[in-house]
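Visitor: Provided below are the primary sequence and the corresponding predicted coordinates.
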Amino acid sequence: MKVAESSKASSDWAASVRDLVAALSNGAKGAELPKVCLRMHAQGITARLPESARAKPGRFLTTCGLFEVVKTRDSNGRSVHTYLRNKPARADR
């Protein structure tokens, strides 16, 4: 039964984060990664992430494969801003 519970927990956090990214999206760039992480903490979503991802949720979100990651530099070229955009949901998930 743990597999079913694990699968449910996995889809639960993924759906919550995808909804959050959609809500925080500011057009073509997407949602700012720091804002997504802050909102995840505030809503308790971070606690539902896989245990290995809880310490660094931002890094996890940029590598989990659910999101397109867009990095831009500010006008002075020094600061990098990271944005997430939802990838289309696959039918086999």
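Guide: Here it is on my side, so go on. From a predicted model like this one, the values you see are computed outputs, not experimental measurements. Residues are numbered from 1 along each chain as shown.
Visitor: element containing Lys71, please.
Guide: Per DSSP states H and E: Lys71 is located in strand 67-73.
Visitor: could you list every helix and strand in contact with that strand?
Guide: Contact partners of strand 67-73 among helices and strands, from 3 or more CB pairs under 8 Å, 6 or more residues apart in numbering; DSSP states H and E: strand 80-86. For the C-beta atoms, the positions are set from N, CA and C on the backbone; glycine is no exception.
Visitor: and the strand it packs on, which strands flank it?
Guide: Partner strands and pairing direction for strand 80-86 (DSSP bridges) are strand 31-32 (antiparallel), strand 67-73 (antiparallel).
Visitor: follow-up on the earlier one: who touches the strand holding Lys71?
Guide: 21, 29-30, 61-62, 79-87 (CB atoms under 8 Å, 6 or more residues apart in numbering).
Visitor: ok, the residue nearest the centre of the chain - contacts?
Guide: When the chain is reduced to its mean C-alpha position, the closest residue under CA atoms, centre = their mean turns out to be Leu61, at 4.2 Å. With contacts defined as CB under 8 Å, 6+ apart, Leu61 is in contact with 17, 33, 36-37, 67, 84.
Visitor: how much space between it and Arg85?
Guide: Leu61 sits 12 Å away from Arg85, going by CB to CB, to the nearest Å.
Visitor: and if you look at Ser75?
Guide: In terms of CB to CB, Ser75 sits 22 Å off from Arg85.
Visitor: among the two, which residue is more densely surrounded?
Guide: Regarding Ser75 and Arg85, a neighbour count based on other CB atoms under 10 Å identifies Arg85 as having more, with 15 against 6.
Visitor: can you tell me the closest non-neighbouring residue to that one?
Guide: Using CB to CB, 6 or more residues apart in numbering and skipping the chain neighbours, the partner closest in space to Arg85 is Gly30 (3.7 Å).
Visitor: next: Arg59.
Guide: Across the structure, with CB to CB, 6+ apart as the measure, the residue nearest Arg59 apart from its sequence neighbours is Ala53 (7.9 Å).
Visitor: need the contact list for the one you found.
Guide: Taking CB under 8 Å, 6+ apart, one finds 59-60, 64 in contact with Ala53.
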